[in-house]
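1. Build me a model:
(chains A and B)
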Number of protein chains: 2
Amino acid sequence: MNDTRRDARPLDFRVAVDDLERFMLAVLRRAGADEASADAVTRALVTASRMGTDSHGLRLLPHYLQALEGGRIRGAPRMRFTRHLPATGYLDAGDGFGHLAGFTAMEQAATMAAEVGVGAVAVGNSSHFGAAGCYALAAAERGLIGLAVCNSDPFVLLHQGRAPFHGTNPIAFAAPVAGQSPYLLDMATSAIPWNRVRQYDAIGRVLPDQVAADAEGRVTRAPAEVAALLPLGGSDFGFKGAGLAGMVEVLSSTLSGMLNGFRLLPMGGPDLATPRGVGHFFLALNPAAFVERSTFEACLGDYLADLRAQPAGSGAEVLAPGDREWRCQARRDAEGIPLDSANQTAYAALAEAAGIAPLRRLG
Amino acid sequence: MNDTRRDARPLDFRVAVDDLERFMLAVLRRAGADEASADAVTRALVTASRMGTDSHGLRLLPHYLQALEGGRIRGAPRMRFTRHLPATGYLDAGDGFGHLAGFTAMEQAATMAAEVGVGAVAVGNSSHFGAAGCYALAAAERGLIGLAVCNSDPFVLLHQGRAPFHGTNPIAFAAPVAGQSPYLLDMATSAIPWNRVRQYDAIGRVLPDQVAADAEGRVTRAPAEVAALLPLGGSDFGFKGAGLAGMVEVLSSTLSGMLNGFRLLPMGGPDLATPRGVGHFFLALNPAAFVERSTFEACLGDYLADLRAQPAGSGAEVLAPGDREWRCQARRDAEGIPLDSANQTAYAALAEAAGIAPLRRLG
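-> Okay, here's the model as predicted:
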């Protein structure tokens, strides 16, 4: 019965950016999110979906609504920012949406960076914030270099470890580029994301080597056997990925006084009532506080020109971080954002339950 | 003839830390380094050698002396620090030793972090600074979180690239741990260092998969064919290592107004007369500017206890970043720092040329 419904969904279902925004805002408001929270969640999810980061885009809306309805996340949080010193502050996110916490914290960091050159904000009592890149990007859009990191519940082995310990602990870094879209790196410190394993399982595909392990910590390429991801670098060099995940952990959980990732309640539930107490960390650097703005712009422009002029391997292409994303964004802004059949089903159900107009299929 | 001399060197030649320091200081002073420069180079090299980072330890002294004698590096530089805003500054290193620039810049960053919570310093007109970890560690020794990055001349492919573009662009991150040695991550953003290729070539060993490429950018495991390193992550996930290398590049060359790594003169020469204009970047964060110091200490202690309690794979061991280094340091402080036959030869030659007492062999 389920399969029949899924098969009935059009293979090519695309939605306009503004219609997706309209839908998300309405559903979030109906579910009890205040205006700032609904705006922030929508901004983060739509940003990720436009860039092609589908793992952290519109797919997550149903999950966030469940967390809101379950009580894990407060739709109208009392967030309190305290600027402890001229360049640092702490945001107590009041168990609200991580997206609102992220944009708020980066805005505070940016304000401090404008005044004293750097701003750094630790965030506590927060929740999943979606794609880390959104917040680094928010800094770059204000002409600043931005760094955003967050820990997560355990999926990834330590180097030589046998059980999941770190989360996929992403690092996002963005820099403004004069006359171009920003430099944007947004990477998990595992080799692959967890949902890649599920995708490969669903289509019967074998995983690349050195990305996942079974319940004994042995490398496996069979998706059905996977119990954990390997840190970036695999069996031989995973101490690098694990060390970067640890850097993320130190910045996002210890500087915020929150639980480390190993002790976090799992994002996926079953407990959707207890706040998870997630921590994040945000840094903004004002380039003009180091060298003349024009010097920075020229150097970054030269670097990216040198990079893009490099010869590629046969049939391949050399790209700067973000190039693929901006290309995808331009395409999706013109042609719409695609929904696979599972998301079509989920969004139709949301529309019906909330009594709002469903997404309009483009074309 | 060379082989005979090398064979005559004792297989187990170890030297005490203070004797190595005595030797380095004397040789550097004879070669024209001022006191601050000789101290800084010695501190960096001895720190690396004690921790077992042999690629960046005593091995490099002869190279630095050549660069000093050739004129590339000034032994008595006029370094000028300008604090542009309360949390940021620029150090013009005056073509002096990168080690003096590094310790000076991190000290300035630490001073700012004590005052305003964060300090960030871009360094220009510098030179090779040895192991990035030394400077992150200098922050941790002052109770601060430290980050140190530096670009280098090209050895590493871009993701899908065919020619070397990035340097091994290291990231070093350290955090103070109450009652313990610091958390210390010091990693190249390539999978392996360049001298690993040479070592494997010398002993006829095949490289691990996905760490190096031939002149066409194709992955190779034969050391003799290697023309470039792969970024961390290899063929499939090298966009992560390359993106991290790019982050290092943005911080260390564009914020300092220096040449990007692709345009840097090669460290290895043949031109040892022209200053290379290397850039670095240093960040210090004061944990107490985010949460109570005791909260930070408890959280980091808990995280590391959780980490070290994780089950390891069969015959393996789970370690926090730095654990291996502190273990090595304790051993070498007790038993001496080993010199292989090549370094014994080089150090004997230095002693003779400078007319100072040679290293004393322990035991």
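
2. any residues touching the helix or strand hosting residue A:137, and which ones?
-> Per DSSP states H and E: residue A:137 is located in helix A:133-140. Contact with helix A:133-140 is made by A:43-44, A:47-48, A:51, A:53, A:99, A:102-103, A:105-107, A:109-110, A:113, A:129, A:145-148, A:172-176, A:182-186, A:282, A:284, A:325, as judged by Cβ atoms under 8 Å, 6 or more residues apart in numbering or on different chains. Where you see a C-beta, it was placed from the backbone N, CA and C, and this is true even at glycine.

3. and the helix or strand hosting residue A:186 with helix A:133-140, angle?
-> In the assignment (DSSP H and E), residue A:186 maps to strand A:183-187. Counting by axes from the mean of the first three to the mean of the last three Cα atoms, to 10 degrees, strand A:183-187 lies at 160 degrees to helix A:133-140.

4. Is chain B within reach of the following helix or strand past strand A:183-187?
-> Following strand A:183-187 in sequence order, the next helix or strand is helix A:194-202 (DSSP H and E). No - using Cβ under 8 Å from any Cβ of the partner chain, helix A:194-202 stays clear of chain B, coming no nearer than 11.0 Å.

5. Could you do stretch A:233-253 as well?
-> Yes - Stretch A:233-253 lies within reach of chain B by Cβ under 8 Å from any Cβ, at A:233-234, A:236-237, A:239-244, A:246-247, A:249-251, A:253.

6. If you drop the residues flanking it in sequence, what lies closest to residue A:111?
-> residue A:119 (6.6 Å; Cβ to Cβ, 6 or more residues apart in numbering or on different chains).

7. So that neighbour belongs to a helix, correct?
-> No - per DSSP: H, G, I helix; E, B strand; the rest coil, residue A:119 lies outside any helix segment and is strand.

8. ok so, going back, for the strand holding residue A:186, which strands pair with it and how are they oriented?
-> Sheet pairing here is set by DSSP bridges, and for strand A:183-187 it gives strand A:171-175 (antiparallel).

9. quick one: contacts of the strand it pairs with?
-> Here strand A:171-175 has contacts from A:131-137, A:139-140, A:145-149, A:182-187, A:189, A:244, A:247-248, A:287, A:300, A:322, B:243-244, B:247, B:250, B:254, using Cβ under 8 Å, 6+ apart.

10. Who are the contact partners of the residue in the stretch 101-250 of chain A positioned nearest to chain B?
-> Among all residues of the stretch 101-250 of chain A, residue A:117 sits closest to chain B, at 3.2 Å; criterion: Cβ to the nearest Cβ. Residue A:117 makes contacts with A:87, A:285-286, A:289-290, B:84-88, B:120, as judged by Cβ under 8 Å, 6+ apart.

11. Turn these into a markdown table, including neighbour count.
-> Output for the contacts of residue A:117, formatted as a markdown table (neighbours: other Cβ atoms under 10 Å in any protein chain shown):
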| residue | neighbour count |
| --- | --- |
| A:87 | 33 |
| A:285 | 30 |
| A:286 | 27 |
| A:289 | 25 |
| A:290 | 30 |
| B:84 | 17 |
| B:85 | 21 |
| B:86 | 21 |
| B:87 | 33 |
| B:88 | 30 |
| B:120 | 32 |
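
12. Show me which of those is closest to residue B:345.
-> residue B:120 (42.2 Å; Cβ to Cβ).

13. How is chain A partitioned into domains?
-> A:1-70+A:336-363, A:81-188+A:237-333, A:192-229 (automatic domain parsing).

14. got a list of what the nearest residue to residue A:325 once chain neighbours are set aside touches?
-> Among residues not flanking residue A:325 along the chain, residue A:51 sits closest, at 3.9 Å (Cβ to Cβ, 6+ apart). Residue A:51 makes contacts with A:133, A:325-326, A:328-329, as judged by Cβ under 8 Å, 6+ apart.

15. Surely residue A:301 forms part of a helix?
-> Yes - remark: residue A:301 belongs to a helix, assigned using three-state DSSP.

16. Tell me where chain A has helices.
-> A:2-8, A:17-30, A:35-51, A:61-70, A:98-116, A:133-140, A:194-202, A:234-249, A:293-308, A:323-335, A:341-354 (DSSP state H).

17. How confident was the prediction at the closest residue to residue A:36 other than its chain neighbours?
-> Closest residue to residue A:36 apart from its sequence neighbours, by Cβ to Cβ, 6+ apart: residue A:100 at 5.7 Å. What the model reports as pLDDT for residue A:100 is 98.

18. Can you lay out the contacts of residue A:117 as a markdown table showing distance to residue A:31?
-> Formatted as a markdown table, those follow (distance: Cβ to Cβ, whole Å):
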| residue | distance to residue A:31 |
| --- | --- |
| A:87 | 37 |
| A:285 | 37 |
| A:286 | 38 |
| A:289 | 42 |
| A:290 | 44 |
| B:84 | 47 |
| B:85 | 43 |
| B:86 | 43 |
| B:87 | 40 |
| B:88 | 43 |
| B:120 | 41 |
